[in-house]
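Asks: show me the folded form of this:
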Amino acid sequence: MRGDAIDTRFGPVQVDVVLAGSTIVDVVPVVVPDQDPRDRQINEYAVPLLRQEVLDAQSAKIDSVSGASFTSYGYAWSVQSVLDKLGA
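Replies: Now for the predicted structure:
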């Protein structure tokens, strides 16, 4: 299920949340900031960590990745938008 696009200082962040029943089984980035090489470098590192945090927590209540605060914020809120739509 597609989450909301969350605007951040460096661009929007949006994810798809894959569910099996009420279990989050995957989180796939749809849009992450990639305007310059530094954005791409940060997100290549941060996005897999954020994915694993969501899978471990089964929630959008995750820690930010150091150096990727804006991506972390957008990622968590995009996941939360899916959970809100599902009433979770």
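Asks: the strand ranked longest in the chain packs against which elements?
Replies: Secondary structure assigned by DSSP state E gives strand 23-31 as the longest strand of the chain. Strand 23-31 sits against strand 14-20, helix 37-57, helix 69-86, with contacts defined as 3 or more Cβ pairs under 8 Å, 6 or more residues apart in numbering; DSSP states H and E. From N, CA and C alone the C-beta is placed, and that goes for glycine too.
Asks: can you rerun that using 6 Å?
Replies: Packed against strand 23-31, as judged by 3 or more Cβ pairs under 6 Å, 6 or more residues apart in numbering; DSSP states H and E, are the following elements: strand 14-20, helix 37-57.
Asks: list the buried residues for the longest one?
Replies: Going back to what we said before, that points to helix 37-57. 39, 42-43, 46-47, 49-51, 53-54 (16 or more other Cβ atoms under 10 Å).
Asks: give me the pLDDT for the residue nearest the centre of the chain.
Replies: Taking Cα atoms, centre = their mean, the centroid of the chain lies closest to Y75, which sits 2.4 Å from it. Note on Y75: pLDDT of 98.
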